[in-house]
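Colleague: mind looking at a prediction? Sequence and model below.
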Amino acid sequence: MAYTTTAIAKVYLGLTSAADDTLIGTLIVRAQAMIDSFCHRTFEASGDTTKYFDMRADTGEDRRRLYFSEGLELAQSPTTVTNGDQTVMTLNTDFVVLPANDAPFYGLELLWGGVMNWVQTSSGSSQRAISVLGRWAYSVSAPGDIVAATVRLVAFLYRQRETSADFDRPVSVADGVVLLPGRLPADLAAILLPYQRHGR
């Protein structure tokens, strides 16, 4: 799902004609990608997907903590966690989420008295041994200030098409990627910087 809609962006821009609806829809997709790239996270997950983790590379030395690799985070507690031996784990019986009280979650920790370790597959492989089904994002739906930033960025990009100055306009590069000018507008940066992830 998108962080905002064409209708909302048009209200912000003061547009009533449908002439630029396709362009605005495209700019919403680009603005969302830019925000995700700037913050190093995804802000919305409308459905569950499965991610796989390495039993050795993604667990601590004592094999009790599983850290989500590649900057992944869960918007809410996982739907299903399956250990390498195909044991389906139970939240608060076999494991807890990390951190304990606030999403997004960056890992899982086994409880004493439950399954003692994360394990490899029956064939002896540690790669993709552990699977986690859940909402892989910062939140289930984008926070209000991220929605506002998306609308503001769409408006910024929309208005840039009318400037002839290359130093402040977005530049399209390969595969549909668009680079922002050297600096984000100050109000956008102020909204996004608190969300910017710098690693655990």
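Modeller: Received the coordinates, thanks. For clarity, every value in this text was computed on a predicted model and none was experimentally measured. Residues are numbered from 1 along each chain as shown.
Colleague: from now on I want contacts and neighbour counts done on CA atoms only, so please keep to that.
Modeller: Will do.
Colleague: which residues are in contact with D85?
Modeller: 119-122, 129 (CA atoms under 8 Å, 6 or more residues apart in numbering).
Colleague: what of T49?
Modeller: Neighbours of T49 in contact, by CA under 8 Å, 6+ apart: 133-136.
Colleague: could the residues you listed go into JSON lines alongside pLDDT?
Modeller: Formatted as JSON lines, these follow (pLDDT from 0 to 100):
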{"residue": "L133", "pLDDT": "98"}
{"residue": "G134", "pLDDT": "97"}
{"residue": "R135", "pLDDT": "97"}
{"residue": "W136", "pLDDT": "97"}
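Colleague: what about the residue lying closest to W118 once chain neighbours are set aside, distance to S69?
Modeller: Excluding its sequence neighbours, the residue lying closest to W118 (CA to CA, 6 or more residues apart in numbering) is R63, at 5.7 Å. Distance, R63 to S69, using CA to CA, to the nearest Å: 15 Å.
Colleague: next: E109.
Modeller: According to CA to CA, E109 and S69 sit 15 Å apart.
Colleague: can you pull out the low-pLDDT segments for the chain?
Modeller: 163-183, 199-200 (pLDDT under 70).
Colleague: in it, which residue is most central in space?
Modeller: Residue closest to the average C-alpha location in the chain (CA atoms, centre = their mean): T42, at 1.8 Å.
Colleague: quick check: phi and psi on that residue?
Modeller: phi -100, psi 140 (degrees, to the nearest 10).
Colleague: which residues touch it?
Modeller: T42 is in contact with 36, 136-138, counting by CA under 8 Å, 6+ apart.
Colleague: redo that, cut-off 6 Å
Modeller: Applying CA atoms under 6 Å, 6 or more residues apart in numbering, we find T42 in contact with 36, 137-138.
Colleague: from those, pick the one nearest L74.
Modeller: A137 (5.5 Å; CA to CA).
Colleague: what ranges do the strands span in this structure?
Modeller: Per DSSP state E, the chain carries strands over the ranges 49-53, 65-67, 80-82, 88-89, 95-98, 107-110, 130-134, 171-172, 178-179.
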